[in-house]
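K.L.:
A predicted structure for the sequence below; I have some questions about it.
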Amino acid sequence: MSNGAQDIAAALEAEIREGTLLPGARLPTHRELAFRHGVALNTASRAMRLLEARGLVVGEVGRGSFVRAPGHIDAASFRIEERTPGIIDLARNVMPLPGLADRFERAARAVLRRERAAMADYQPHAGRAADRAAGAAWMSRRGLPDDPSRVVICAGAQHAVTVALMATTRPGDTIAVEALTWPGIRASATALGLQVVPVPMDEAGLRPRALLRLALRHRIAALYCMPSLQNPTAVTMPAQRREAVAAVARRLDFRIVEDDAYGFLTEDDPPLAPLAAIAPERSWYLRSTSKAFTPGLRAAWMLTPPGQVDRAADLIRATVWTAPPLGAAVASLWVGDGTAKLLEAEKRREARLRQALAAQLLPIRAAPAAHPASMHLWLDLPRRTAAQDLVRRLEGLGVRITPGAAFGVGSTPNCVRLALGTPVDRADLERALRAVASAL
């Protein structure tokens, strides 16, 4: 008889790795597992979550848990590699505007002329006061308070998410995420020893009632989500649903990590209120410069809950000491001189043009409620086309895309994500989209 979740998980893992349980095999229900091993139901459920976190099994709502195929793509293993010559990349989600490198060079030179000594020196862990003020001003455009005393600067979104999770959880805790989510959250959760549970979604984003049931069952410590232009689905959560999500968080007293990487692409005036504006006492809100400006800056501003800025600064010190000062200074310069607004407007226009091109060339439609200015496209594939097969066929045609499995937590629909911004010119994008259309 097993002593606990770790023992049960270890026994099942051994059967999977030895081939006793083959890919696709259905596993016992949690209740059957509990009876077989003489443990409580929640112990059996924890064992199954451990196997899911290790990428060995996948749960499908209404069907049960199954052994994953060896070729399954684990979200935590979704890594950026060197660019491959001759490949049109629709996997990385960036939009390198013409002339952006020149703008960066001019801005970096201006910063170094003015502050060369400071850029070569240690900086405060939370970031320099001027850079924090620029971040507060930038975030205030999204309906948040212009309060530099609550702002810290992190070394990009991945670092900001990790800092927020370190501040709100302990190893062994459970966090909730959208059932389809940015792969980076899985990487942070794994590094911090956190369990991840998926919240079911619909055409308006994560479902508050499902979140409530999940939080009651798992005692979640935090929710990570992208309410605006969600990655990968490009869905935007409406105002009423944001209020409902915040109400669940307050009722069950868990924290919110809100990632607003793509919100700048929307043109709502005024913008939809972030969760951090609805429930500021429990929300860690981050805006990275990677999508809005350029990823090489490695800078992200994070608005902490009142009274938490020192905690965040301590965690930044423990992880990177301070964010790279040159990237933060360039981002601040762009906010101050209006370049930030121009870049965001240019990217919105370009994203709309590229979405229109995709709609013209692709024979299938994007998932419901996708935004016309999103940088990415989430494609529901016909039953006859398996996502992994499409990925392999397109790789042979010189086009790289991302299968839905990279974003799935638990069950994954038969989908792929196309990042429309990465090809430098639209001619390359058109060639890639024609290849996708022919492969379908």
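P.N.:
In hand now; what should we look at?

K.L.:
Okay, now the unreliable bits of the stretch 51-200 of the chain?
P.N.:
Scanning the stretch 51-200 of the chain with the threshold set as pLDDT under 70 gives 53, 60-63, 69-85.

K.L.:
can we see that at 80?
P.N.:
52-56, 58-64, 66-85 (pLDDT under 80).

K.L.:
the helices in it, which residues?
P.N.:
Shown for the stretch 51-200 of the chain, the helices assigned by DSSP state H, counting those that start in this stretch span residues 100-119, 129-140, 157-168, 183-191.

K.L.:
ok, now the stretch 251-400 of the chain?
P.N.:
Under DSSP H, counting those that start in this stretch, the stretch 251-400 of the chain gives helices at 275-278, 289-292, 309-319, 325-337, 339-361, 387-396.

K.L.:
and the helices of the stretch 51-200 of the chain, which is most packed in?
P.N.:
helix 157-168 (a mean of 24; mean count of other CB atoms under 10 Å). In short, each C-beta sits where N, CA and C put it, glycine included.

K.L.:
That helix packs against which elements?
P.N.:
Helix 157-168 sits against strand 151-154, helix 183-191, strand 222-225, strand 255-259, strand 283-288, strand 300-303, helix 309-319, with contacts defined as 3 or more CB pairs under 8 Å, 6 or more residues apart in numbering; DSSP states H and E.

K.L.:
how about those in a markdown table, adding distance to Leu33?
P.N.:
Compiled in a markdown table, the helices and strands packed on helix 157-168 are given as follows (distance: least, CB to CB, whole Å):
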| stretch | distance to Leu33 |
| --- | --- |
| strand 151-154 | 40 |
| helix 183-191 | 23 |
| strand 222-225 | 27 |
| strand 255-259 | 31 |
| strand 283-288 | 36 |
| strand 300-303 | 40 |
| helix 309-319 | 37 |
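
K.L.:
among these, which is nearest Leu50?
P.N.:
Comparing the helices and strands packed on helix 157-168 against Leu50 with CB to CB, the closest turns out to be helix 183-191 (11.9 Å).

K.L.:
what's the spacing between that closest one and its chain's center?
P.N.:
What separates the centre of helix 183-191 from the centre of its chain is 9 Å, taken as CA atoms, centre = their mean, to the nearest Å.

K.L.:
Give me the residues contacting stretch 292-302.
P.N.:
Residues from elsewhere that reach stretch 292-302 (CB atoms under 8 Å, 6 or more residues apart in numbering): 94, 96, 100, 104, 132, 135-136, 138-139, 151-157, 159-160, 163-164, 264, 284-290, 312, 323-324, 327-328, 330-331, 334, 340, 343-344, 347.

K.L.:
Give me the most central residue, the chain.
P.N.:
Centroid-nearest residue in the chain, with CA atoms, centre = their mean: Trp182, separated by 2.7 Å.

K.L.:
Of the contacts of stretch 292-302, just the buried ones, PyMOL syntax please.
P.N.:
To isolate the buried ones among the contacts of stretch 292-302 in PyMOL, judged by 16 or more other CB atoms under 10 Å, type:
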select buried, resi 94+100+104+132+135+136+138+139+151+152+153+154+155+156+157+159+160+163+164+264+284+285+286+287+288+289+290+312+323+324+327+328+330+331+334+340+343+344+347
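
K.L.:
right, so of the helices of the stretch 51-200 of the chain, which gets closest to Gln240?
P.N.:
helix 129-140 (23.0 Å).

K.L.:
Phi, psi for the closest residue to Ser45 other than its chain neighbours please.
P.N.:
The spatially closest residue to Ser45, leaving aside those adjacent along the chain, is His30, at 4.9 Å (CB to CB, 6 or more residues apart in numbering). The phi/psi pair for His30 (degrees, to the nearest 10) reads phi -60, psi -40.

K.L.:
List the residues that contact His30.
P.N.:
Contacts of His30 by CB under 8 Å, 6+ apart are Leu41, Ala44, Ser45, Met48.

K.L.:
quick revisit: ok, the residue nearest to the centre of the chain touching Met226?
P.N.:
Yes: using CB atoms under 8 Å, Trp182 makes contact with Met226 at a distance of 6.8 Å.

K.L.:
Which neighbours do those two have in common?
P.N.:
With CB under 8 Å, 6+ apart as the test, Trp182 and Met226 both reach Asp259.

K.L.:
Quick one: list the elements packing against whichever helix or strand Arg434 is part of.
P.N.:
Assigned by DSSP states H and E, Arg434 falls within helix 426-439. On a contact count with 3+ CB pairs under 8 Å, 6+ apart, helix 426-439 meets strand 88-89, helix 339-361, helix 387-396, strand 399-400.

K.L.:
so it versus helix 339-361, what angle?
P.N.:
40 degrees (axes from the mean of the first three to the mean of the last three CA atoms, to 10 degrees).

K.L.:
Check which residues of helix 426-439 are buried.
P.N.:
The neighbour-count check on helix 426-439 (16+ other CB under 10 Å) flags Leu429, Glu430, Ala432, Leu433, Ala435, Val436, Ala439 as buried.

K.L.:
can you redo these as a markdown table with distance to Arg400 and pLDDT?
P.N.:
Below are the buried residues of helix 426-439 laid out as a markdown table (distance: CB to CB, whole Å; pLDDT from 0 to 100):
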| residue | distance to Arg400 | pLDDT |
| --- | --- | --- |
| Leu429 | 13 | 96 |
| Glu430 | 16 | 96 |
| Ala432 | 9 | 97 |
| Leu433 | 13 | 96 |
| Ala435 | 11 | 96 |
| Val436 | 11 | 95 |
| Ala439 | 12 | 91 |
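
K.L.:
what's the burial count for Arg207?
P.N.:
The number of residues packed near Arg207 is 19, by other CB atoms under 10 Å.

K.L.:
Excluding chain neighbours, what is closest to it?
P.N.:
Pro200 (5.3 Å).
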